[in-house]
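Visitor: got a sequence here, can you build the structure:
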Amino acid sequence: MRFSGKTVLVTGAGGGIGRGMALGFAAEGAKIHACDTDADSVAITVAAIASRGGEAKASTLDVSDELQIDTALSDAEAEFGAPHVLVHCAAVNRLMPILETPAEEWRRIVDVNLTGSFLIARAAAQRMIPNKFGRIVLISSNVGFRGAAQRGAYAASKAGVINFAETLAIELADKGITVNTIAPGPTETPMTAWQPPEIRRALIADVPLGRYGRIDEMVFGALFLASDEASYITAHTLSIDGGFAGAGIIKPELGAEQTI
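Guide: Numbering: from 1, shown residues only. The predicted structure is shown next:
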């Protein structure tokens, strides 16, 4: 097991990709500190880990709240020790045109997605530094590379996560800590289950591999970036998107491809 003896902090662990990350690292022997704003959902994740013989602790945590982060990480550190790995999945989104986006909604999305990444990564790194070892994996998005209609705040925040991770990677390079991001493409999660068929068809049309990604495929990427095999990789963004980022926008009905 690649992560035996390691403690892994996972945010957004109450469902979707975050729950998948918690279960995936636990299956590789890690102790899991699972965090989410939804206490009931994160308790289900912890119970699932325990049922498989793993060890996990739950914290109810809003990553945009600095005090909550410090309290949760200090409590977990007393039980599990300092985190060796952070996998930060917590995020929010709301679809709306930019001109109709209230300032308070913009701030909420940026606070959770971008400022939250800063706060949780800083807190984790401060606890990793004494051990001269750490792996930080932040979840961005394929819309962090290019615009996406009705996702102005989300896309801007996820672009910021990529730049923030690169900067943090440079600053932590001499401390034994690597920092990387994963940019998922369309992925089968509870959050995408609501999508009507026409939206799914439109998204799949822009994915060369012709399907949505699976949660376990995102987990495989994080397991690699947090592993010893990736010890010389930092300040990198790994696109796990079926080729979406490199393909441009495909318009099959026009028999042509448009790139942005």
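
Visitor: look up the closest residue to residue 203, ignoring the ones flanking it.
Guide: Excluding the flanking residues, the one nearest residue 203 by CB to CB, 6 or more residues apart in numbering is residue 186, at 4.6 Å. The C-beta positions use only the backbone N, C-alpha and C, and glycine is treated the same way.

Visitor: pretty sure that neighbour contacts residue 245?
Guide: No: taking contacts as CB atoms under 8 Å, residue 186 lies outside contact range of residue 245: 11.8 Å.

Visitor: settle it for me: which of the two has more neighbours?
Guide: Higher neighbour count among residue 186 and residue 245: residue 186, with 21 against 16, using other CB atoms under 10 Å.

Visitor: could you dump the helix or strand containing residue 127 to CSV, C-alpha only?
Guide: According to DSSP states H and E, residue 127 maps onto helix 116-128. Extracted in CSV, the C-alpha atoms of helix 116-128 (Å, rounded to 0.1, in the frame of the first residue of the first chain):
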residue,chain,number,x,y,z
GLY,A,116,-10.4,28.6,0.3
SER,A,117,-7.6,27.0,-1.7
PHE,A,118,-5.2,29.6,-0.3
LEU,A,119,-6.3,29.1,3.3
ILE,A,120,-6.3,25.3,3.4
ALA,A,121,-3.1,24.9,1.5
ARG,A,122,-1.3,27.5,3.7
ALA,A,123,-2.5,25.7,6.9
ALA,A,124,-1.5,22.3,5.6
ALA,A,125,1.9,23.5,4.4
GLN,A,126,2.6,25.1,7.7
ARG,A,127,2.1,21.7,9.3
MET,A,128,4.1,19.9,6.7
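
Visitor: now do the buried residues in that helix.
Guide: For helix 116-128, a neighbour-count test (16 or more other CB atoms under 10 Å) marks 116, 117, 118, 119, 120, 121, 123, 124, 125, 127, 128 as buried.

Visitor: return the closest of those residues with respect to residue 81.
Guide: residue 127 (9.0 Å; CB to CB).

Visitor: quick one: contacts for the closest one?
Guide: 73, 77, 82, 83 (CB atoms under 8 Å, 6 or more residues apart in numbering).

Visitor: just the ones in helices from these, please.
Guide: 73, 77 (DSSP state H).

Visitor: pLDDT, neighbour count and distance to residue 205 for the contacts of residue 127 - can I get that in JSON lines?
Guide: Compiled in JSON lines, the contacts of residue 127 are given as follows (pLDDT from 0 to 100; neighbours: other CB atoms under 10 Å; distance: CB to CB, whole Å):
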{"residue": "73", "pLDDT": "97", "neighbour count": "23", "distance to residue 205": "42"}
{"residue": "77", "pLDDT": "95", "neighbour count": "15", "distance to residue 205": "47"}
{"residue": "82", "pLDDT": "97", "neighbour count": "18", "distance to residue 205": "45"}
{"residue": "83", "pLDDT": "98", "neighbour count": "27", "distance to residue 205": "40"}
